[in-house]
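In: next come a sequence and a model predicted from it.
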Amino acid sequence: MNLSSFLPAAAALFLTTTSGFSQDPKFHIYLCFGQSNMEGFPGIEEQDKQPVDERFKLMAAVDFPDLGRTKGTWCPAVPPLCRANTGLGPADYFGRTLVAKLPRDIRVGVVNVSVAGCKIELFQKDRFRDYAATAPDWMAGIIRQYDGNPYQRLLDLAKLAAKDGVIKGILMHQGESNGGDPEWPTKVRGVYGNLLKDLNLKSKDVPLLVGETVNADQNGVCAGMNEVIGKLPETIPNCHVVSSKGCAALPDRLHFNAAGYRELGKRYGETMLGLLDGKPASPTTPTGAPGSNPIIRDVFTADPAPLVVGDTVYLYVGRDNAKGKEMFTMPEWLCFSTKDMKTWTAHGSVLKPDDFSWGEPNSAWAAQVVPKNGKFYYFVTVKGNRTAPGNNIGVAVADKPTGPFKDAIGKPLIRDDMTPKAKRPWEDIDPTVWIEPDGTPWMSWGNGDCYLVKLKPNMTELGGPITKIDVPHYVEGPWLYRRGKLYYLIYAAMVPPNGAEQIAYATAERITGPWTYRGLVTGSAEKSFTIHPGIVDFKGRTYFFYHFAGLTINGEPGTLGRRAVCVEYLDYNPDGTIQPIKQTKEGVSAGHP
């Protein structure tokens, strides 16, 4: 269909079917273009398919028959935002970040016209025909979906969108295919200038936001292009570069993975928010200084379990996905990593409860990963199906800390019926594992009762009887480790008169006890009934991880089932006791006092 004949009819249809979108200065429009990383590489995770804030809209650039979307009309901005066979991209979390932070009367709309693999020449008004004529068949097929002229499609839809709102910015992610081209900055400036001229816009009012390619810290194939991208603001007015540092990539090292797109999109959003406030935002800094709390801000996370492997801390968490007043809906375990305790790289989902043949979905409660003999063992809480009713402890195994993890034994390691004299029916949760210097592994767990058992060296069988550790005020969430000659049991406790969990601890000279209660490590977490500890030593410091419920994402506030992981420094007294920890917003951002 020729777009020139389509647009008047589409506009008429649009005005008659979406009367709520008359021109509105509080409807902010953003134009997006580029190649495959702006398209969104195929692969959309379950957490990204959930309904988005109704204030975030997409104007479809092509027809999406299977999704009921029509070119030139507004629809909810649920991915994919470019074409039917694309995936999650930076525009997704760009828009989600804006609507989460802007006043409730502000709406955000995006238009995304992008072509995988294309050079910037495809968006040049005087070059696109020659370039398109040489395009490989797969790219030519994409170009045909835009009637042979992606720039014109973007322009026409921009004019249509501008009838409903105000164009506030232009987002670009492109450059991988123009590596080594010294004229690329000039070409980008020309495309940006043409859009401004053809839409009667001014650069001072409509910034250009350009994202870096996959970064060198991810061994990005095109990371060298980022030096060129970084100089764009020197030649293009009101141009701002969005850093990709720490944004996780796919194995091809050309494309970001879903977690990387979330983080990059959030950074586009934070950059734009700073510009809307009249002050440049730091493109490399998510909300709050690096290392401030909470440390993960684009997804609700709980039950932190840190692990040090060489020069890297890996952080394993359960993803909170409770809606409304739901309690705990936790579909999967996620992994993040850092080399400096301030900048975190997301590795996405590494395990789900229903990856166990006997497991029920949405039960990804507290868990811990421990290494042994070149393998990584994930001890997890899983609610069992009819073949393993009740709460159980399972174990999965992987060759790398980022997985993929697989069920190691095909059945629970600890079944609910193995602890019959429990105080509570959900007692078999929250495993923690400590491996002695001689290789002997021990596991502790439990709610209401704190259990202890020796494991066999293979990590997948019990090596002794199940016993109980008797410590005051114990509730759940143990974390077991040894420092010097002392064993430490850190746990969530109910200490009167406080009505929410706090973190207490006990010490012992032998792992089997007797244990001496030492008091509180820290108090209750903000807005959260639960709190869960995780402790590691890293580069000469000790770090204490926990969760609270003080984070709001896309207008949804934290609560019992929507928590966020935080971190603080932990210090010991000369006698081995732990100095009380104050929970802070600063976290570890300012360095150890």
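Out: Okay, I see it.

In: burial measure for the residue nearest to Leu455 when sequence neighbours are not counted, as a count.
Out: Among residues not flanking Leu455 along the chain, Pro441 sits closest, at 4.2 Å (C-beta to C-beta, 6 or more residues apart in numbering). Glycine gets a C-beta too; all of them are placed from N, C-alpha and C. Counted with other C-beta atoms under 10 Å, residues neighbouring Pro441 total 20.

In: Pro441 contacts Pro457, doesn't it?
Out: Yes: in this structure, Pro441 is within contact of Pro457 by C-beta atoms under 8 Å, at 7.3 Å.

In: beta partners for Tyr546?
Out: With DSSP bridges as the criterion, Tyr546 is bridged to Cys566.

In: Asp537 now?
Out: Beta bridges link Asp537 to Thr542, judged by DSSP bridges.

In: could you shift the numbering so residue one becomes 835, and keep it that way?
Out: Sure thing, new numbering starts at 835, so read that last one as Asp1371.

In: correct me if wrong: it contacts Val1142.
Out: Yes: between Asp1371 and Val1142 there is a contact under C-beta under 8 Å: 7.1 Å.

In: quick check: neighbours shared by Pro1275 and Pro1291?
Out: Gly1297 (C-beta atoms under 8 Å, 6 or more residues apart in numbering).

In: gap between the two ends of stretch 1067-1083?
Out: Length of stretch 1067-1083, first residue to last, C-alpha to C-alpha, to the nearest Å: 25 Å.

In: quick one: stretch 1150-1168 to chain centroid distance?
Out: 13 Å (C-alpha atoms, centre = their mean, to the nearest Å).

In: buried stuff in that stretch?
Out: 1150-1156, 1162-1168 (16 or more other C-beta atoms under 10 Å).

In: from one end of that stretch to the other, what's the distance?
Out: 6 Å.

In: specify the beta-bridge partners of the residue nearest to Leu1289.
Out: Pro1275 forms beta bridges with Ile1269, as assigned by DSSP bridges.

In: show me where the stretch 1085-1234 of the chain has strands.
Out: 1135-1143, 1146-1153, 1167-1172, 1179-1185, 1201-1206, 1209-1217, 1225-1232 (DSSP state E, counting those that start in this stretch).

In: which positions in the first one come out as buried?
Out: What that stands for is strand 1135-1143. Neighbour-count burial for strand 1135-1143, counted by 16+ other C-beta under 10 Å, picks out Thr1135, Ala1136, Asp1137, Pro1138, Ala1139, Pro1140, Leu1141.

In: contact partners for the third one?
Out: Right, Asp1137. Per C-beta under 8 Å, 6+ apart, neighbours of Asp1137: Val1151, Gly1152, Trp1199, Ala1200, Ala1201, Asp1264, Gly1311, His1366, His1381.

In: against Ser1362, how distant is the fourth one?
Out: So that's Ala1200. 14 Å (C-beta to C-beta, to the nearest Å).

In: these two: who's more crowded?
Out: Neighbour count, other C-beta under 10 Å: between Ala1200 and Ser1362, Ala1200 has more, with 30 against 23.

In: list the contacts for Gln1052?
Out: Per C-beta under 8 Å, 6+ apart, neighbours of Gln1052: Ser1078, Cys1081, Ala1082, Ala1083, Arg1087, Gly1094, Thr1179.

In: the same query, at a cut-off of 6 Å, please.
Out: Applying C-beta atoms under 6 Å, 6 or more residues apart in numbering, one finds that Gln1052 lies in contact with Ala1083.

In: now do Gly1152
Out: Ala1136, Asp1137, Met1164, Trp1167, Ala1198.

In: how much space between the residue nearest to Leu1289 and Arg1317?
Out: With C-beta to C-beta as the criterion, Pro1275 and Arg1317 are 18 Å apart.

In: again with Arg1352
Out: Using C-beta to C-beta, we find Arg1352 at a distance of 13 Å from Arg1317.

In: of those two, which one has the most company?
Out: Arg1352 (17 against 14).

In: and the more buried one, that's in a strand?
Out: Yes: under DSSP: H, G, I helix; E, B strand; the rest coil, Arg1352 sits within a strand.

In: surely it and Ala1342 touch.
Out: No: contact criterion C-beta atoms under 6 Å: Arg1352 and Ala1342 do not qualify, at 10.4 Å.

In: for Gly1009, which non-adjacent residue is closest in space?
Out: Of all residues beyond its chain neighbours, the one nearest Gly1009 is Met1059 (4.7 Å), with distances taken as C-beta to C-beta, 6+ apart.
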